[in-house]
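Colleague: Predicted coordinates and the sequence they were generated for:
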Amino acid sequence: MGFKLSGFEGGKVEKHEMVIIGSGPAGLTAAIYAVRGGADVILVGGYSSGGQLMLTSEVENFPGFPEPILGPELMKRMRQQAERLGAQIIDKDATEINLAERPFKVKVEDDTYIAETLILAMGASARELGLPSERKFKGKGVSYCAVCDGMFFKNMDVAVIGGGDTAIEDAIYLAKICNSVTVIHRRDKLRAQAVMQKRAFSLPNIKFVWNTEVVEIVGDSKVEGIKVKNRITNEVSYIPVKGVFVDIGHVPNTMLVEGQVELTENKYIKLYGETGTSVKGVFAAGDIADPVYRQAVTAAGMGAKAALDALRYLQEIKEKE
Ligand code: NAP
């Protein structure tokens, strides 16, 4: 198809009934349900397809896998399932989304995908500490992914910042590779699931530093240590480490739709009903709209609901025509 659209010049233009953006558990499950529901669907999956599970090691809480499965393997299987059923997946990033006109438009570099209905499933990304020294040492000792970068710190001392599931999962993973892992947490209680806490407390090379925040990451060309401050005593001390893994939660990837669809105070997509958004015909699923559960299985469940809601919306439009 070769027609031109204002604001979306250049590249090819394709029309589909549904465009899904995001290739984590939410997006891929939405694709599985949408193709099985008979819709003409295209999924814009991003250059680094697969979402946050690509950065995880063993997943042991996704039903159907009695033995742990590696995050990337789980995502590979979800993708294979979606593709076998007929979902078309584009391994490029969406660069622009236009919800002002109908049909909606999604730009992927020079190409434009037009759709009656959209499912936003772009997930969330690692939150930064916000320290200037963190920026300076990104990729030079500061990491947001233990599975990706852990091997660079073999037999070295590292720190993990945070007290949630990601931090504790990473600490356990790094304890197998590194000499020691120091978990720095701003409170005196972990947020992580009890089973993971128990595992971490049992490992002799994981140490915990409570009620403490990182004030500076120190080094010359690479990380040499961290300056930390006890939040109760205000005492500042230095911990020598070669690697700093920042695991302090996530921020939703709503940048492309900010100002076009209603967001919550924390910039998650505001839901109307189960998966509806403030724009009729635009649905959301997974971590982009869920500040509470944020599990692979709940994201997949939301993906299924969003697809069913979008299929119903397509049906309504057809009946009106
Ligand atoms: P999270 O649950 O939001 O935990 C973030 C941690 O970082 C908290 O301990 C928080 O401290 C701390 N923190 C936040 N901002 C901070 C800052 N500016 N400075 C210092 N510390 C800060 O995030 P998450 O661990 O990434 O987990 C996200 C979701 O994914 C959760 O729902 C989790 O259950 C899920 N998840 C599940 C698994 C699994 O099931 N295997 C694995 C990974 C993640 P406070 O505790 O004081 O708030």
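Modeller: Yep, it's here.
Colleague: Need the three-state assignment for the nearest residue to Pro72 once chain neighbours are set aside.
Modeller: Nearest residue to Pro72, sequence neighbours excluded (Cβ to Cβ, 6 or more residues apart in numbering): Met54, at 5.2 Å. C-betas here are computed from N, CA, C, even on glycine. Reducing the assignment at Met54 to three states with DSSP: H, G, I helix; E, B strand; the rest coil gives helix.
Colleague: Tell me how many other residues crowd Met54.
Modeller: One way to gauge burial is a neighbour count; for Met54, by other Cβ atoms under 10 Å, it gives 19.
Colleague: repeat for Gly27
Modeller: For Gly27, the neighbour count with other Cβ under 10 Å is 37.
Colleague: same thing with Ser49?
Modeller: Other residues close to Ser49 by other Cβ under 10 Å number 22.
Colleague: Relative to Gly45, how far out is the residue nearest to Pro72?
Modeller: 11 Å (Cβ to Cβ, to the nearest Å).
Colleague: for Leu174, same thing?
Modeller: For Leu174, the distance to Gly45 - Cβ to Cβ - is 29 Å.
Colleague: Equivalent analysis for Glu258, please.
Modeller: Here the distance between Glu258 and Gly45 works out to 21 Å (Cβ to Cβ).
Colleague: Help me confirm that Val158 is found in a strand?
Modeller: Yes: Val158: assigned to a strand according to three-state DSSP.
Colleague: Is it bridged to anything, and to what?
Modeller: Each beta-bridge partner of Val158 is listed here, defined by DSSP bridges: Val181, Gly243.
Colleague: For it, list the residues it contacts.
Modeller: For Val158, the residues meeting the contact criterion (Cβ atoms under 8 Å, 6 or more residues apart in numbering) are 174, 178, 180-182, 241-245.
Colleague: Helices of this structure, start to end?
Modeller: With DSSP state H applied, the chain shows helices at 25-36, 71-84, 132-136, 146-149, 165-175, 194-202, 296-320, listed in chain order.
Colleague: Quick check: which of those is buried the most?
Modeller: Sort the helices of the chain by mean neighbour count, taking mean count of other Cβ atoms under 10 Å, and helix 25-36 sits at the top with a mean of 29.
Colleague: quick revisit: any idea which of the helices of the chain gets closest to the ligand?
Modeller: helix 165-175 (3.4 Å; Cβ to the nearest ligand atom).
Colleague: who in the stretch 51-200 of the chain is up against the ligand?
Modeller: Along the stretch 51-200 of the chain, the residues adjacent to the ligand under the rule Cβ under 6 Å from any ligand atom are 61, 129, 161-167, 169, 186-187, 191.
Colleague: Quick one, which of those has the minimum pLDDT?
Modeller: Per-residue confidence over these reaches its minimum at Asn61, where pLDDT is 89.
Colleague: nearest residue to Ile69 other than its sequence neighbours?
Modeller: If you skip the residues right next to it in sequence, Ile69 has Val59 as its closest partner in space, 5.4 Å away by Cβ to Cβ, 6+ apart.
Colleague: cool, and Phe104?
Modeller: Residue nearest to Phe104 in three dimensions, not counting chain neighbours: Leu118, with 5.1 Å by Cβ to Cβ, 6+ apart.
Colleague: My guess is that neighbour contacts Glu17. True?
Modeller: No: with contact defined as Cβ atoms under 8 Å, Leu118 and Glu17 do not form a contacting pair (10.6 Å).
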